[in-house]
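Student: sequence and predicted structure below; questions after.
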Amino acid sequence: MPLPKVLAIGKYMTIRKTFFWLHLIIGCSAAIFIFLMSITGVALTYERQMIKSAERSDYPSKPENINQTLPLSEILVIAQGYETKKTPQIVIENTPNAPVIIKDGRKKVAYLNPYTGKEMAVPGQGTKTFLRKLRAFHRWLTLDGKFSENGRWVNGISNVIFIALILSGLYLWLPKKLKSRALKQRLTLSGNYKNKSVRNYQWHNVFGFYMAPVLFILAFTAIFFSFKWPGQTLKQYASTQSTELTKPVALAMEQKSSLLPINKQLLTVKAHYPQWQNIQFSLDNVQTSSKIYNVDNGNGGEPQKRVSVLIDGLNGELIEEMKFEHKSNYNKLRSYIRFGHTGEVFGILGQTIAGIASLLACLLVYTGVMLSWRRYQRSKNVKEAETELIS
């Protein structure tokens, strides 16, 4: 065999060995944290659906002595009585018996009974509290639902290690010689295993390979939750310019009598977007010639299905429309990162894939630790045997 080829093989084996020990050491060091993030990720797979189901179970029933919901104009008068730091926002949902929600920025101030206008208890409160604490543990390793800087750093570093494990694992997955038999062993489950170690090795290789792309996305997007610098870096290189809707202007005194009530303006919005799931608008003190309505046609986690429209307050016609593609590249990327992490950007299918990948990440942690433990035991037995021979 020519010397250069021997040297090349030796160099390859040295690099492979380096990657192997790097993979093993950092994998074992972050195993518990990767497992905790993964198993809680599985539990949070259908978080949005669980919350919505819990909310619907607490929605008020139609009273026997009331034929229809309270006119929106009356509910808005009630809503104006709530004190808010910012301009109050009103949210209406396309769900039977759904309450009208009053928001102060992102904070939900009150839920109003659609039939009586009275404030009601927060629907699905128990489920929301449990999932909020579970989400906090998933992100910050806290049990009380509060933010933890230390927990954020631990999970952030663990996610960086997870990315390194995925990349080094893909390199180690490659067989020494790219033959069909070797590839088949790494791509399929045989089902016939001599022992648990052989089974764990094949599970680790096969499931690790197929789940690598999804797990990389989950781990990469998670870094944006753990550190500020990824978002700041993205903002430096991605365009922040976006199309904006024309800002509504105050009505002249003589035009105020011709202003259409909000419920009639909403008819135009609903007609243009029959698949709407919720509509949000501000409750301004000043009457304006036009009004902005934010429409969500998706599940709440599909930013590409959101649209903002400007409605003429005098004739109810749609003036302008701002869709997801009109937003800045930075905002679009941040939205994809936020909802790509949960898979929600692709709807229920995306959530399911993310959940399965998280579950299999738990299996990868288990098989990886078991294989490492097996290697340690074998090494220990060899040393003990050598010691007995020497003595």
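Tutor: Structure's in. What do you need?
Student: distance of residue 34 relative to residue 28?
Tutor: Residue 34 sits 10 Å away from residue 28, going by C-beta to C-beta, to the nearest Å. Every C-beta, even on glycine, is put in place using the N, C-alpha and C of the backbone.
Student: and if you look at residue 382?
Tutor: In terms of C-beta to C-beta, residue 382 sits 20 Å off from residue 28.
Student: please apply the same query to residue 170.
Tutor: With C-beta to C-beta as the criterion, residue 170 and residue 28 are 19 Å apart.
Student: could you pull out the strands for the stretch 1-150 of the chain?
Tutor: 89-93, 100-104, 107-112, 119-120 (DSSP state E, counting those that start in this stretch).
Student: so for residue 382 and residue 28, which sits in the more crowded spot?
Tutor: When residue 382 and residue 28 are compared for neighbours, residue 28 comes out ahead with 15 against 10, by other C-beta atoms under 10 Å.
Student: grab the nearest non-local neighbour of the more buried one.
Tutor: Computed as C-beta to C-beta, 6 or more residues apart in numbering, the closest residue to residue 28 that is not its neighbour in sequence is residue 372, at 5.4 Å.
Student: tell me who's in contact with the one you found.
Tutor: 24, 27-28 (C-beta atoms under 8 Å, 6 or more residues apart in numbering).
Student: now render those residues as CSV, adding pLDDT.
Tutor: Below are the contacts of residue 372 laid out as CSV (pLDDT from 0 to 100):
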residue, pLDDT
24, 95
27, 95
28, 95
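Student: make JSON lines out of the residues you listed and add distance to residue 121.
Tutor: Formatted as JSON lines, the contacts of residue 372 follow (distance: C-beta to C-beta, whole Å):
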{"residue": "24", "distance to residue 121": "52"}
{"residue": "27", "distance to residue 121": "47"}
{"residue": "28", "distance to residue 121": "47"}
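Student: name the nearest of the residues you listed relative to residue 41.
Tutor: Using C-beta to C-beta, residue 27 comes nearest to residue 41 of the contacts of residue 372, at 17.9 Å.
Student: neighbours of the closest one, how many?
Tutor: The number of residues packed near residue 27 is 22, by other C-beta under 10 Å.
Student: then residue 135?
Tutor: 16.
Student: ok, and the closest non-adjacent residue to it?
Tutor: Using C-beta to C-beta, 6+ apart and skipping the chain neighbours, the partner closest in space to residue 135 is residue 44 (6.2 Å).
Student: what sits against residue 48?
Tutor: By C-beta under 8 Å, 6+ apart, residue 48 lies in contact with 299-301, 344.
Student: which two among these are spaced furthest apart?
Tutor: Farthest-apart pair in these is 300 and 344; separation 7.6 Å (C-beta to C-beta).
Student: between the two, which one's more packed in?
Tutor: residue 344 (22 against 16).
Student: so that one touches residue 355, yeah?
Tutor: No - look at residue 344 against residue 355 with C-beta atoms under 8 Å: they stay out of range, at 11.2 Å.
Student: buried stuff in stretch 95-112?
Tutor: By 16 or more other C-beta atoms under 10 Å, the buried positions in stretch 95-112 come out as 98-104, 109-112.
Student: restricting to C-alpha, output it in PDB.
Tutor: Extracted in PDB, the C-alpha atoms of stretch 95-112 (Å, rounded to 0.1, in the frame of the first residue of the first chain):
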ATOM      1  CA  THR A  95     -66.000  30.400  18.400                       C
ATOM      2  CA  PRO A  96     -69.500  29.900  19.800                       C
ATOM      3  CA  ASN A  97     -70.000  31.400  23.300                       C
ATOM      4  CA  ALA A  98     -66.400  32.800  23.200                       C
ATOM      5  CA  PRO A  99     -66.000  35.800  25.600                       C
ATOM      6  CA  VAL A 100     -64.800  39.200  24.400                       C
ATOM      7  CA  ILE A 101     -61.300  39.800  25.600                       C
ATOM      8  CA  ILE A 102     -59.900  43.100  26.800                       C
ATOM      9  CA  LYS A 103     -56.100  43.500  26.500                       C
ATOM     10  CA  ASP A 104     -53.600  46.000  27.800                       C
ATOM     11  CA  GLY A 105     -50.700  45.500  25.400                       C
ATOM     12  CA  ARG A 106     -50.000  41.800  25.700                       C
ATOM     13  CA  LYS A 107     -51.700  41.400  29.000                       C
ATOM     14  CA  LYS A 108     -55.300  40.200  29.100                       C
ATOM     15  CA  VAL A 109     -57.200  42.400  31.500                       C
ATOM     16  CA  ALA A 110     -60.700  40.800  31.400                       C
ATOM     17  CA  TYR A 111     -63.000  38.300  29.700                       C
ATOM     18  CA  LEU A 112     -66.500  39.600  29.200                       C
END
